[in-house]
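**Q** Next come a sequence and a model predicted from it.
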Amino acid sequence: MLRFIGAAVIAVCGGALGLYFSAALKKRLLLITELEGALNIVREELSANLTPLPELFAMASRQNTGPVSEFFGSVVLGFDEIAEKPFYDTWQEAANALPCLTPSEKDTLCRLGRTLGRYNTEDQVQTLGTVAARFAEFRRGAETRLSKEGKSRTVLGLASGILLAIILL
Amino acid sequence: MQSKFTQTASLLPPILRLGFERIAENDRDRCEEVRLRVGENPSVVISGREFELSDKAVTSADLERVVEIATNASAHTTKESVKEGYITAKGGIRIGLAGICVPSGGEISGFRHITSLNIRIPSQRVGCAESLAADICEGGTLPSTLIISPPGCGKTTLLRDLLRIYSDGDQKRGIDPHRVAVVDDRGEIAAASGYDIENYIGRHTDVLTSVPKAQGVLMSVRALNPEIIAVDEITAAEDIEAAEAASNLGIALLATAHAKNVSDLLKKELYRQLLERRIFKIVVTIKSSGGIRTYTAERLSA
């Protein structure tokens, strides 16, 4: 009896592990989707109102949740120390602290920090558009990966658990 | 509230700030400008004389950092003032720009490379206009007054203190309180940032910031019911038209202009027109020598 309970626990653990990896894919997709949306809103606001960056990012932080809100929030805090720490350094640190992004995605976001806050609004708006478009591509890639691998990870996890349970029995 | 010296220091990145903060305490109130030129050592102007702050040459990256700090990494918000060659930082600190401009449709949209900066340290000398305010007062009120001097002699400082006195009133000197509207196109008179006005300019003062002078004068007339309108540096024909319109409604004007004296004023077409229209009743000339300023008021013939 105990052996069967143990086997069931192993199987369930396998399934949970599969669900965990599947959830990681969903979390990554959610983050990229929010970031893409935030960049588009920042671009529109900057283009329409020439809003100063501290206000722009405070707005972005309020309008988003989780890591994206924290990303913009930490950039806003960086303005308090702008005399000691250049804006780009704050931006880069905040971008690198975002979870779930690949190095290439972080690099794309970091490069935006070199253009923001310059005299030429048109360049800033254009670069924001380019980066948002890149994040749209990243989003599509994440959606595809989730749809292909999401279920299979859960099933694989469960199957591995069951197989292990059988072997141990 | 931070002193203007401290506010200026906070605009400098650490590498430049170090030299600036070594200035002796008793020289700090006399600091007028910080001059930063690429390839040259940073310097400060104290009572009209320039002194080097360190032996480490300024780089273009240093200047970009100053602009980044001054604009809070939002240089795109300064487009209008950049066309005039300056940006205004917190505290009403004006930073003059020089370098390679980016022309766009006959105007300047920005700077491709900044090669030098002139950080003008404003001074609020509360009380500097007290005896002058009493001298020019007529029946408790201010007659329209034009303050003149060459650049850098303290016209804005005097204007600021005069409007403070006339806004608050001064019973001892027989000056009534007045409703004052300030058209602060460069943000230097009141140093307004957000909801705060950093320079005290009187209890009954309304401030319009970052608006062209002529438009600001007309907006004040329409909406603020002022008894006095204060503007800094009349430089254009439309400023004179707006001033005349306000004057015709019985509003007193307090303004400044660049000129050594009244004769110098009359040599310039724009200012000759200003005097011919009899908008101003009094001209105050500022003379500066060794850091000491004297104010001479002259009543213009009716």
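**A** Here it is on my side, so go on.
**Q** so what's the backbone phi/psi at the residue nearest to B:His178 when sequence neighbours are not counted?
**A** Leaving aside its chain neighbours, B:His178 sits nearest to B:Glu227 (4.3 Å; criterion: CB to CB, 6 or more residues apart in numbering or on different chains). For the C-beta atoms, the positions are set from N, CA and C on the backbone; glycine is no exception. With angles defined as degrees, to the nearest 10, B:Glu227 sits at phi -100, psi -30.
**Q** Per-residue pLDDT of B:Glu227, please?
**A** If you check B:Glu227, the pLDDT there is 96.
**Q** Likewise for B:Ser193?
**A** 68.
**Q** Spatially central residue for chain A, please.
**A** In chain A, the C-alpha nearest the mean C-alpha coordinate belongs to A:Leu31, at 3.3 Å (CA atoms, centre = their mean).
**Q** is it true that it touches A:Lys106?
**A** No: the criterion here is CB atoms under 8 Å, and A:Leu31 misses it with A:Lys106 at 11.7 Å.
**Q** shared neighbours, these two?
**A** A:Leu98 (CB atoms under 8 Å, 6 or more residues apart in numbering or on different chains).
**Q** And the residue nearest to B:His178, how close does it get to chain A?
**A** Going from B:Glu227 to chain A by CB to the nearest CB, to the nearest Å gives 35 Å.
**Q** Then B:Pro42?
**A** 16 Å.
**Q** wouldn't that residue be in contact with B:Val34 here?
**A** Yes: between B:Pro42 and B:Val34 there is a contact under CB under 8 Å: 7.0 Å.
**Q** Now list whatever residues contact both of these two.
**A** Shared contacts of B:Pro42 and B:Val34, counting by CB under 8 Å, 6+ apart, come down to B:Phe20, B:Leu53.
**Q** Neighbour count: the two, which is higher?
**A** Using other CB atoms under 10 Å in any protein chain shown, the more surrounded residue of B:Pro42 and B:Val34 is B:Val34, with 25 against 22.
**Q** Report the secondary structure state of the more buried one.
**A** Secondary structure state of B:Val34, per DSSP: H, G, I helix; E, B strand; the rest coil, is strand.
**Q** check contacts around it.
**A** B:Val34 is in contact with B:Thr8, B:Leu12, B:Phe20, B:Pro42, B:Ser43, B:Val44, B:Val45, B:Leu53, B:Leu117, B:Asn118, B:Ile119, B:Ile121, counting by CB under 8 Å, 6+ apart.
**Q** rewinding a little: next up, the contacts around the residue nearest to B:His178.
**A** B:Thr141, B:His178, B:Arg179, B:Val180, B:Ile251, B:Ala252.
**Q** For burial, what's the neighbour tally of the residue of chain A found nearest chain B?
**A** Relative to chain B, the nearest point of chain A is A:Tyr119 (3.0 Å; CB to the nearest CB). As a burial measure, A:Tyr119 scores 21 neighbours (other CB under 10 Å).
**Q** Not counting its neighbours along the chain, what's nearest it?
**A** Looking at A:Tyr119 with CB to CB, 6+ apart, the closest residue is B:Gly110, at 3.0 Å.
**Q** Now do the contacts for that neighbour.
**A** B:Gly110 neighbours (CB under 8 Å, 6+ apart): A:Arg118, A:Tyr119, A:Asn120, B:Ala75, B:Lys79, B:Val82, B:Cys101, B:Val102.
**Q** what about the first one, neighbour count?
**A** Counted with other CB under 10 Å, the neighbours of A:Arg118 add up to 19.
**Q** correct me, but it touches A:Gln124?
**A** Yes: using CB under 8 Å, A:Arg118 is in contact with A:Gln124, at 6.3 Å.
**Q** Find residues that contact each of these two.
**A** Shared contacts of A:Arg118 and A:Gln124, defined by CB under 8 Å, 6+ apart, comprise B:His76.
**Q** and the lengthiest strand in chain B, how far from the chain's centre?
**A** The longest strand of chain B (DSSP state E) is strand B:107-120. Counting by CA atoms, centre = their mean, to the nearest Å, strand B:107-120 is centred 19 Å from the centre of its parent chain.
**Q** same thing with stretch B:20-33?
**A** With CA atoms, centre = their mean, you get 20 Å for stretch B:20-33.
**Q** Alpha carbons of that stretch, as PDB, please.
**A** Taking C-alpha atoms only, stretch B:20-33 is exported to PDB below (Å, rounded to 0.1, in the frame of the first residue of the first chain):
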ATOM      1  CA  PHE B  20      33.700  73.700  -7.400                       C
ATOM      2  CA  GLU B  21      33.000  72.700  -3.800                       C
ATOM      3  CA  ARG B  22      36.600  73.700  -2.800                       C
ATOM      4  CA  ILE B  23      35.700  77.400  -3.300                       C
ATOM      5  CA  ALA B  24      36.100  79.200   0.000                       C
ATOM      6  CA  GLU B  25      32.800  79.900   1.900                       C
ATOM      7  CA  ASN B  26      33.200  83.700   1.700                       C
ATOM      8  CA  ASP B  27      33.600  83.600  -2.100                       C
ATOM      9  CA  ARG B  28      30.500  81.500  -2.700                       C
ATOM     10  CA  ASP B  29      28.000  84.300  -2.700                       C
ATOM     11  CA  ARG B  30      30.100  86.200  -5.200                       C
ATOM     12  CA  CYS B  31      30.200  83.300  -7.700                       C
ATOM     13  CA  GLU B  32      28.500  84.400 -10.900                       C
ATOM     14  CA  GLU B  33      29.200  81.700 -13.600                       C
END
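**Q** how about it: buried residues?
**A** Applying a neighbour-count criterion of 16 or more other CB atoms under 10 Å in any protein chain shown, one finds B:Phe20, B:Ile23, B:Arg28, B:Arg30, B:Cys31, B:Glu32, B:Glu33 buried in stretch B:20-33.
**Q** Which of those residues fall within strands?
**A** B:Cys31, B:Glu32, B:Glu33.
**Q** so the second one touches B:Val45, yeah?
**A** Yes: proximity of B:Glu32 to B:Val45 meets the contact threshold set by CB under 8 Å, at 4.6 Å.
**Q** Dump the ones in strands among the buried residues of stretch B:20-33 to a markdown table, plus pLDDT and distance to chain A.
**A** Formatted as a markdown table, those follow (pLDDT from 0 to 100; distance: CB to the nearest CB, whole Å):
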| residue | pLDDT | distance to chain A |
| --- | --- | --- |
| B:Cys31 | 91 | 18 |
| B:Glu32 | 89 | 22 |
| B:Glu33 | 94 | 19 |
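**Q** Can I get the residues you listed in JSON lines including distance to A:Leu156?
**A** As requested, these are exported to JSON lines (distance: CB to CB, whole Å):
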{"residue": "B:Cys31", "distance to A:Leu156": "71"}
{"residue": "B:Glu32", "distance to A:Leu156": "74"}
{"residue": "B:Glu33", "distance to A:Leu156": "70"}
